[in-house]
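Trainee: Below are the sequence and a predicted model for it; my questions follow.
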Amino acid sequence: MRIHLVLAGSLVLALGAAGAQSATPAQVSGLDARQAVALANQWGAAGVPVQSVVTTEAVSFTWPDGRRAEVPMLKDAVYIAIAPYVNRTHPCINHVPSSCQAEMAGETFQVSVLDAKGATVFAGPVKALANGFIELWIPRGLGLLVQVDHRSGRATRLLSTQAGAPTCITDMQLR
């Protein structure tokens, strides 16, 4: 049995039934940050035992045998994973697609992101991944007001896309 995972662009990754044996650092080589995050999400959902961590500087992969691969973050944008919640959350600073799990998998949220001057950076519906996180790619170097709306309530938070800022936001409780 083969599972085909489609990444951003035309890159296709085929994992065998054993998956873990097929996951190699070579598969990360040549990816951009968006593709690397997509791969990390797919490996995480498939249970591939490769730890992935997303910071404002890079997407890092670590295999059980200690091999590592890293993909630099985009020069003009950073990745933010937000886990809106009602009942339960977990502490997190840098998103770990290989293990972070939130409670609202598959739910659709209305998200608005405003910069410090009140200009809209992003507005629209976003569907949470199977891990319960919504993903945003936001211009680098901004202070932001993020609002997440859902039938369960609303959450608002100030965020930053400065170097070293958190990429995993798990404290937005919907009320």
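Mentor: Alright, I've got the coordinates.
Trainee: Identify each of the strands in this structure and give its residue range.
Mentor: 2-6, 12-16, 51-54, 58-62, 68-72, 77-82, 108-115, 120-127, 134-139, 143-150, 153-160, 168-169 (DSSP state E).
Trainee: any idea how far residue 127 lies from residue 106?
Mentor: 7 Å (C-beta to C-beta, to the nearest Å). C-beta coordinates here come from the backbone N, C-alpha and C atoms, glycine included.
Trainee: now residue 79, which residues is it bridged with?
Mentor: In this structure, residue 79 bridges to residue 137 when assessed by DSSP bridges.
Trainee: Verify the stated contact: it with residue 137.
Mentor: Yes: under the criterion of C-beta atoms under 8 Å, residue 79 makes contact with residue 137 at 5.8 Å.
Trainee: Specify which residue of those two has the higher count of neighbours.
Mentor: residue 79 (23 against 15; other C-beta atoms under 10 Å).
Trainee: The more buried one and residue 133, how far apart?
Mentor: From residue 79 over to residue 133 (counting by C-beta to C-beta), the distance is 11 Å.
Trainee: what residues are shared contacts of the two?
Mentor: residue 95 (C-beta atoms under 8 Å, 6 or more residues apart in numbering).
Trainee: List the contacts of the residue lying closest to residue 121 once chain neighbours are set aside.
Mentor: Excluding the flanking residues, the one nearest residue 121 by C-beta to C-beta, 6 or more residues apart in numbering is residue 113, at 4.4 Å. Contact partners of residue 113, counting by C-beta under 8 Å, 6+ apart, are 120, 121, 122, 123, 136, 138, 144, 145, 146, 147.
Trainee: Just give me the neighbour total for residue 103.
Mentor: 15.
Trainee: from memory it sits against residue 128, does it?
Mentor: No: between residue 103 and residue 128 there is no contact, the gap being 9.5 Å when judged by C-beta under 8 Å.
Trainee: Just the buried ones from the contacts of residue 113?
Mentor: Among the contacts of residue 113, those classed as buried by neighbour count (16 or more other C-beta atoms under 10 Å) are 121, 136, 138, 144, 146, 147.
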